[in-house]
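Peer 1: fold the following.
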Amino acid sequence: MIPSIGILVLTNFYINKELLAKAYSRSEQSMEVSDLYIGSIVSDMVKTLNEIQYDQTTMANLRVLWDTAEPGESAKPTKRFYASQAVVEKLNQLTLFGGKTYATILLPTGDHLTNFSTYPSDLSFIYKEAWFQDLHKLPVNHTFFFGGQPNYVPSERKQDPHIITIIRSFQLYANTPNAYIMLSKSEKQFHEIFSKYQEDQTLILLDAKGQVISGLDTQQVGTTLSDSFDLSLPRGRTSWKGQDYIYVNHSLSYGNWRMISITPLQDITRKISSKLSEIFTVQFIFFILFSIALFYILRQFTKPIVQLARMAMQVEAGNLDVRLQLKQKDEIAKLSSALNAMLDRIKQMLEQVKQEQTRKRMAELELLQAQIHPHFLFNTLNSIRLRVMMKGEREIGMIIGSLSTLLRMTINRSNEFLPLHEEVKIVSQYIKLMNFRHHEHVTFTSDLASDTLLCSIPRLTLQPLIENAYIHGLQQRSGVIAIHSWKQGEMLYLQVEDDGIGMDADKLEKLQDMLTDSLNESRLTNEKTGLNGIGLKNVFERLRIIYGDMCSMTVLSAPGQGLKWTITLPYHEGRKEEGDDV
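Peer 2: Residues are numbered from 1 along each chain as shown. All right, here's what the predicted structure looks like:
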């Protein structure tokens with residue numbers, strides 16, 4: 001019952017909402033079209049004002065009327081007559097098309113020129129109007145949209161009781177009093193625009209003060225719109241004269257004017273309300289019957305789901321031994337079987353986790369026991385180094401320290417990555433040991449870019465290259481081994497070079513083939529060139545495993561020019577595997 005009532009209410013609500021939205025949209029479209037028509041009329045009036053003000057002949061004739069305003073010369077009346085006639089003829093030309101237009105020029109001398117007859121009275125009363133006095137406060141060349149007012153043309157007052165006026169202030173000479181051009185249109189021209197729309201929609205043109213300029217009801221012209229309409233809102237609903245209305249407020253781009261569309265709310269919903277009542281009645285009856293049948297069917301379908309929900313609550317409470325057996329063969333039964341299987345699997349996985357945790361604790365114990373021996377070895381070496389240095393054998397003590405550092409890095413496998421500067425430090429320790437072993441010493445130099453010092457590289461990447469350069473490049477003789485590093489884009493470049501004997505093209509090609517042919521298992525060698533059996537090929541294989549195709553390793557050489565190894569790796573800063581150091 002409650003859902004059916006809710007659906008009926010929602011249906012009525014959304015239909016009314018849609019009708020209101022369409023009514024709002026229709027009002028906005030009507031006002032946009034009306035805005036185009038009114039804007040066209042106002043634009044023509046402003047254009048006419050400009051043509052009058054900036055016409056040189058007209059302004060020259062107006063200046064003649066100003067200059068001859070004082071009595072004196074006998075020829076002045078003639079000049080004034082011809083000047084007035086020229087101005088009036090110009091006004092008639094400019095207002096010939098576009099509907100009836102009343103054009104008036106008011107000079108500060110009290111002269112007024114019009115394109116219409118002022119008989120039986122003149123327009124001197126305009127100078128005494130309160131609104132005309134306010135015009136003196138306006139700046140020069142200002143356009144004032146006066147809006148609706150009673151027709152000031154006596155002969156036209158009965159036919160066009162109201163007019164809409166636009167006034168332009170200007171000066172004949174600098175520092176002279178303002179003169180004014182007045183253009184007026186019959187309110188009927190605006191009234192005809194609004195009369196084109198449906199009877200249930202009322203369009204009203206308002207000025208900046210909220211006074212009616214034009215509308216379907218001409219008696220409203222000059223009155224103020226009711227405060228029931230909030231003109232600060234673009235649209236809304238209100239009660240006016242005992243009836244509900246919707247209104248849409250549309251601002252115009254001139255004179256701070258605005259249009260408002262008013263539509264009775266009853267007219268919007270009246271056409272469909274009766275139909276909706278009948279539809280709702282039939283829908284309500286069918287909904288009651290359907291609800292009864294649906295309730296019975298759903299009860300049969302939801303019973304297994306309720307049992308499944310209860311089982312889920314027991315599992316949530318921690319009971320993993322609960323199981324649900326359903327007799328029917330449908331999706332719910334399949335879900336129940338899957339849930340039973342999942343619980344069995346969870347129990348198995350929990351048992352496996354327990355066993356793995358037990359094995360992990362045993363492995364940690366064995367690792368702790370295995371670490372006793374490296375610690376014992378390093379502590380013994382450090383003790384020997386201190387004893388030797390205390391006896392004055394400082395060089396031998398430093399060699400033992402280098403050996404201890406190198407052994408520590410070789411035995412310690414917890415940190416797979418090291419900063420570049422630490423890797424170079426290990427290489428320098430290795431060079432010291434090799435120089436100690438052989439009579440001829442090797443000079444080791446490093447040129448590392450500052451932005452590469454903290455870059456992480458795989459541990460013991462450079463040592464096999466240094467060892468290869470020392471043994472095969474220099475052939476255990478004196479020479480120079482140099483390491484360079486730089487960063488380019490997101491890549492790190494490492495270069496190891498020596499000034500040894502180098503190699504010919506055939507040997508260089510075989511070496512390059514061995515490095516690039518990483519998938520040929522038959523050529524995979526297990527060179528024992530490093531302290532820990534890490535050969536050149538194995539170094540490249542390890543880099544390929546870590547970085548894939550993003551790394552490369554090239555070698556350049558020529559007889560008598562040494563070897564130059566270049567390794568390219570992705571730049572990673574601060575990368576380090578977690579683990580306890582030995």
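
Peer 1: show me what the top helix by length along the chain is packed up against.
Peer 2: The helix that spans the most residues within the chain, counting by DSSP state H, is helix 331-390. Contact analysis of helix 331-390 by 3 or more CB pairs under 8 Å, 6 or more residues apart in numbering; DSSP states H and E lists helix 265-316, helix 394-411 as its packing neighbours. No exception for glycine: its C-beta is placed from N, CA and C like everyone else's.

Peer 1: and the last one, how far from the chain's centre?
Peer 2: Averaging C-alpha positions (CA atoms, centre = their mean, to the nearest Å) puts helix 394-411 59 Å from its chain's average.

Peer 1: now swap in stretch 205-221 and tell me
Peer 2: 44 Å.

Peer 1: mean confidence score for that stretch?
Peer 2: Averaged over stretch 205-221, pLDDT sits at 80.

Peer 1: over to stretch 318-332?
Peer 2: On average, stretch 318-332 scores 78.

Peer 1: and it, end to end?
Peer 2: Using CA to CA, to the nearest Å, one end of stretch 318-332 lies 23 Å from the other.

Peer 1: which of the helices and strands packed on helix 331-390 sits closest to residue 229?
Peer 2: Residue 229 lies closest to helix 265-316 among these, at 13.8 Å (CB to CB).

Peer 1: now do the phi/psi pair for the residue lying closest to residue 95 once chain neighbours are set aside.
Peer 2: In space, and not counting its chain neighbours, residue 95 is closest to residue 101: 4.0 Å by CB to CB, 6 or more residues apart in numbering. Main-chain dihedrals, residue 101, degrees, to the nearest 10: phi -130, psi 130.

Peer 1: pLDDT score for residue 519?
Peer 2: Per-residue pLDDT puts residue 519 at 38.

Peer 1: list the contacts of residue 445.
Peer 2: 480-483 (CB atoms under 8 Å, 6 or more residues apart in numbering).

Peer 1: give me the neighbour count for the residue nearest to residue 95.
Peer 2: Applying other CB atoms under 10 Å, we find 22 other residues in the vicinity of residue 101.

Peer 1: was I right to think it contacts residue 189?
Peer 2: No: assessed by CB atoms under 8 Å, residue 101 is found out of contact with residue 189, at 9.4 Å.

Peer 1: counting by contacts, list what the helix or strand containing residue 79 packs against.
Peer 2: When elements are assigned from DSSP states H and E, residue 79 belongs to helix 76-94. Contacts defined by 3+ CB pairs under 8 Å, 6+ apart place helix 76-94 against helix 2-53, helix 56-67, strand 101-106, strand 112-114.

Peer 1: show me the contacts for residue 260.
Peer 2: 203-204, 206, 225, 229, 231, 247-250.

Peer 1: same check on residue 225?
Peer 2: Residues in contact with residue 225 (CB under 8 Å, 6+ apart) are 204, 206, 210-212, 231, 260.

Peer 1: going by distance to residue 350, which of these wins?
Peer 2: The closest of those, once distances to residue 350 are taken by CB to CB, is residue 231, at 71.8 Å.

Peer 1: ok, back up a step: mean pLDDT lowest where, among the helices and strands packed on helix 331-390?
Peer 2: Minimum mean pLDDT among the helices and strands packed on helix 331-390: helix 394-411, a mean of 74.

Peer 1: straight-line length of stretch 434-454, end to end?
Peer 2: Start to finish, the residues bounding stretch 434-454 are 27 Å apart (CA to CA).

Peer 1: next one: it to chain centre, how far?
Peer 2: 52 Å.

Peer 1: please apply the same query to stretch 381-398.
Peer 2: 67 Å.

Peer 1: same check, this time on stretch 148-161
Peer 2: Offset of stretch 148-161 from its chain centre (CA atoms, centre = their mean): 57 Å.

Peer 1: buried sites along that stretch?
Peer 2: 148-149, 151-153, 156, 160 (16 or more other CB atoms under 10 Å).

Peer 1: in strands, which of the residues you listed appear?
Peer 2: Residues of the buried residues of stretch 148-161 located in strands (DSSP state E): 148-149.

Peer 1: columns pLDDT on top of the buried residues of stretch 148-161, output as a markdown table?
Peer 2: What follows is the buried residues of stretch 148-161, written out as a markdown table (pLDDT from 0 to 100):
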| residue | pLDDT |
| --- | --- |
| 148 | 76 |
| 149 | 79 |
| 151 | 83 |
| 152 | 80 |
| 153 | 81 |
| 156 | 79 |
| 160 | 82 |
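
Peer 1: can you tell me which of the buried residues of stretch 148-161 is nearest residue 425?
Peer 2: Nearest to residue 425 among the buried residues of stretch 148-161, with distances taken as CB to CB, is residue 148, at 93.4 Å.

Peer 1: that closest one reaches residue 161, doesn't it?
Peer 2: No: in this structure, residue 148 is not within contact of residue 161 by CB under 8 Å, at 10.3 Å.

Peer 1: just want the angle from the longest helix of the chain to helix 394-411.
Peer 2: Orientation of helix 331-390 against helix 394-411 (axes from the mean of the first three to the mean of the last three CA atoms, to 10 degrees) gives an angle of 170 degrees.

Peer 1: helix 331-390 to helix 265-316, inter-axis angle?
Peer 2: 60 degrees.

Peer 1: quick check: residue 565 touching residue 498?
Peer 2: No: taking contacts as CB under 8 Å, residue 565 lies outside contact range of residue 498: 9.3 Å.

Peer 1: what do these two both touch?
Peer 2: residue 469.

Peer 1: circling back to that earlier point, now the common contact residues for residue 148 and residue 161.
Peer 2: Overlap of the contact sets of residue 148 and residue 161 (by CB under 8 Å, 6+ apart) consists of residue 187.

Peer 1: count of neighbours near residue 398?
Peer 2: 16.

Peer 1: tell me how far it lies from residue 483.
Peer 2: Distance, residue 398 to residue 483, by CB to CB, to the nearest Å: 21 Å.

Peer 1: check residue 456 too.
Peer 2: From residue 456 to residue 483 the distance is 16 Å (CB to CB).

Peer 1: residue 190 now?
Peer 2: According to CB to CB, residue 190 and residue 483 sit 89 Å apart.

Peer 1: what does residue 161 give?
Peer 2: Taking CB to CB, one finds residue 161 at 102 Å from residue 483.

Peer 1: what does residue 82 give?
Peer 2: For residue 82 relative to residue 483 (CB to CB), the value is 104 Å.

Peer 1: and for residue 292?
Peer 2: Counting by CB to CB, the gap from residue 292 to residue 483 is 88 Å.

Peer 1: of those two, which one has the most company?
Peer 2: residue 483 (22 against 9).

Peer 1: surely the more buried one touches residue 446?
Peer 2: Yes: if you go by CB under 8 Å, residue 483 and residue 446 touch, sitting 4.6 Å apart.

Peer 1: name the residues contacting each of these two.
Peer 2: By CB under 8 Å, 6+ apart, the residues touching both residue 483 and residue 446 are residue 424.

Peer 1: which non-adjacent residue is nearest residue 145?
Peer 2: Residue 145 sits nearest to residue 255 (CB to CB, 6+ apart), 2.7 Å away.

Peer 1: next up, the contacts around that neighbour.
Peer 2: 42, 145, 147, 166, 207-208.

Peer 1: who wins for neighbours among those?
Peer 2: Most surrounded of the contacts of residue 255: other CB under 10 Å gives residue 147, at 25 neighbours.

Peer 1: which element is the nearest residue to residue 63 once chain neighbours are set aside on?
Peer 2: Closest residue to residue 63 apart from its sequence neighbours, by CB to CB, 6+ apart: residue 172 at 5.2 Å. For residue 172, there is no helix or strand it lies in under DSSP H and E.

Peer 1: ok, residue 487 next?
Peer 2: Secondary structure from DSSP H and E places residue 487 in strand 479-488.

Peer 1: show me what that strand pairs with in its sheet, parallel or antiparallel.
Peer 2: Strand 479-488 pairs in its sheet with strand 442-448 (parallel), strand 491-498 (antiparallel), by DSSP bridges.
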